[in-house]
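Undergrad: Could you work out the structure for the sequence below:
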Amino acid sequence: MSSTTLDHGHAGHDHHPHGWRRWLFATNHKDIGTLYLIFSFVMLLIGGVLALMLRTELFQPGLQFFEPEFFNQLTTMHGLIMVFGAIMPAFVGFANWLIPMQIGAGDMAFARMNNFSFWLLPVAGLLLSTSFFVPGGATAAGWTLYAPLSTQMGMGMDMTIFAVHIMGASSIMGSINIIVTILNMRAPGMTLMKMPLFCWTWLITAYLLIAVMPVLAGAITMVLTDRHFGTSFFNAAGGGDPVMYQHIFWFFGHPEVYIMILPAFGIVSEIIPAFARKKLFGYSSMVYATSSIAILSFIVWAHHMFTTGMPVTGQLFFMYATMLIAVPTGVKVFNWLATMWRGSMTFETPMLFSVGFLFVFTMGGFTGLICAMAPIDVQIQDTYYVVAHFHYVLVAGSLFALFAGTYYWLPKWTGFMYSEKLGKLHFWSSLISFNVTFFPMHFLGLAGMPRRYADYPMQFADFHKIATIGAFWFGLSQLIFLVAVIRAGQGKGEKATAKPWDGATGLEWELPSPAPFHTWETPPTVK
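TA: Numbers count the residues shown, from 1 in each chain. Just a heads-up that it's a prediction; the model follows:
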């Protein structure tokens, strides 16, 4: 389709602007996707530096570098920046790049809204990051911004509320765009059940975002009016209830964790079949499993609140409903394993990250199952066990899938292959250092080390030391990724072919016609 038929007279289509104009006024889905990915990586580095500051303080007992108040500010901002600044925008970047190409659309449905939804993010990111420098510093209420703490904090809290509002608006606009694009702009013959799974996972994620973002906006607006307009939503003295804040927040917060993992499932579901050289096992069951995870995610929110004095019947309901989510998730994991089973697998970097994702995400899922049991959760609530659990899901889940997807589609995006040596080095370095960092935290939590504490007794020192060393190793490993991507972007690798993963390993393959099953049903006996 020629660019003029798309949109007469709009900058970015007809007379391609150059230099800064190309990026500021971008309406092309690929350019906007690139902007999202660059922004999210910058925020990943900022959030990572905050995490390393936390780990530096925790390297040994005693207060060395930071006051507890500032330590708590670091915790809060690390969480908010990673969730809203790094993981979510990165997946939206993938959606922008890939969805139009995968369904055969010319572009996203609303090109200008797409531009607007991106440019809201740097503004919000700036607001969030600069809240450190206002009187009173950034908010120290934790990334969940629990009342009544959040109703007492200084001006940094107001900046955080504003930033989260802006990011929420960006997410909602991005989601509307994705839904309309997928439902209205598929090429003829591309039925919903023929779409690549990445499109399915994003369609479901976009619905989740539209459902829960206004809930978060409501919660922080109530905090804002409690702070400045004399209301008492969360003030017990005025007839309010601080636990109500938790209910509203987690009604957003639980679907939010699925918003951060479902697109990862989509990416992994594209990569594993490619490198196993087989069709994805159980396509329709994957679609139904993803949908059921999304629906169930709305009825489990209070498993974050087992220690708030909930009646036992409530605890039972949330415990069983949470454990139910393990079923569709298990379906997915077994489908990925079945896809790999007896495939002609090769292990280039995207496949390594996908298999790494499977292994570590499954571990995170099992610890989640343990946290779901109310009697156990009472013991490990708010300890490092929970920190270990959700980092296994979000770092080794979302982040590894993002790395896998980047290496997989980089040849498509840049026209050049990345360095396989650097990619493999990045994978092994990340996988080992990740486990060195977060595995000891399970033991810290079981031994009773609470999270968000700047100081601790000597008994926890060894595990903290190991975790800190691992964290610095993991952080530095991401520079390998940066080098690999920049090299490909500058065209320093080999030129990518039209189908970079076909025959890259000397195994020519086409998905529609694999070798007849009977030829590889029984392996030949070795004489």
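
Undergrad: pretty sure residue 147 belongs to a helix, no?
TA: No: going by DSSP: H, G, I helix; E, B strand; the rest coil, the assignment for residue 147 is coil, not a helix.

Undergrad: any idea of the pLDDT on it?
TA: On pLDDT, residue 147 comes in at 90.

Undergrad: Same check on residue 135?
TA: 89.

Undergrad: got it, and residue 50?
TA: 96.

Undergrad: Ramachandran angles for it?
TA: Here is the backbone geometry of residue 50 (degrees, to the nearest 10): phi -60, psi -40.

Undergrad: Residue 450 now?
TA: According to degrees, to the nearest 10, residue 450 has phi -80, psi 150.

Undergrad: and it, what is it in contact with?
TA: 382-384 (Cβ atoms under 8 Å, 6 or more residues apart in numbering). C-beta here means a position set from N, CA and C on the backbone, and glycine is covered the same way.

Undergrad: ok, 10 Å please
TA: Residue 450 makes contacts with 381-384, 386-387, 444, 456, as judged by Cβ atoms under 10 Å, 6 or more residues apart in numbering.

Undergrad: Could you do residue 35 as well?
TA: By Cβ under 10 Å, 6+ apart, the neighbours of residue 35 are 23-24, 26, 89, 93, 96, 114-115, 118-119, 121-122.

Undergrad: Do you have the helices of the stretch 251-400 of the chain handy? List them.
TA: Ranges of helices in the stretch 251-400 of the chain, per DSSP state H, counting those that start in this stretch, are 262-276, 283-296, 312-324, 326-340, 349-372, 374-380, 384-393, 400-414.

Undergrad: Would you tell me which one of the ones you listed is buried the most?
TA: helix 262-276 (a mean of 25; mean count of other Cβ atoms under 10 Å).

Undergrad: can you give me how far it is from the chain middle?
TA: Helix 262-276 has its C-alpha centroid displaced from the chain centroid by 15 Å (Cα atoms, centre = their mean, to the nearest Å).

Undergrad: Just tell me which of the helices of the stretch 251-400 of the chain ends up closest to residue 461.
TA: Nearest to residue 461 among the helices of the stretch 251-400 of the chain is helix 384-393; the distance by Cβ to Cβ comes to 13.4 Å.

Undergrad: what angle separates the closest one from helix 262-276?
TA: 50 degrees (axes from the mean of the first three to the mean of the last three Cα atoms, to 10 degrees).

Undergrad: Just the closest of the contacts of residue 35 to residue 410, please.
TA: residue 93 (12.8 Å).

Undergrad: separation between the closest one and residue 245?
TA: 32 Å (Cβ to Cβ, to the nearest Å).

Undergrad: can you check residue 19 too?
TA: Where residue 245 is concerned, residue 19 sits at a distance of 47 Å (Cβ to Cβ).

Undergrad: ok, those two, which is more surrounded?
TA: Neighbours per residue (other Cβ atoms under 10 Å) separate residue 19 from residue 245, with residue 245 holding more: 25 against 7.

Undergrad: Pretty sure the more buried one sits in a helix.
TA: Yes: the assignment for residue 245 by three-state DSSP puts it in a helix.

Undergrad: quick one: it and residue 148 touch, right?
TA: Yes: if you go by Cβ atoms under 10 Å, residue 245 and residue 148 touch, sitting 8.4 Å apart.

Undergrad: between these two, what contacts are shared?
TA: 223, 226, 234.

Undergrad: The second one reaches residue 232, doesn't it?
TA: Read that as residue 226. Yes: assessed by Cβ under 10 Å, residue 226 is found in contact with residue 232 at 6.7 Å.

Undergrad: Which of those two has more residues huddled nearby?
TA: Neighbours were counted for residue 226 and for residue 232 using other Cβ under 10 Å; residue 226 has more, 22 against 15.

Undergrad: Quick check: that one is in a helix.
TA: Yes: per three-state DSSP, residue 226 lies within a helix segment.
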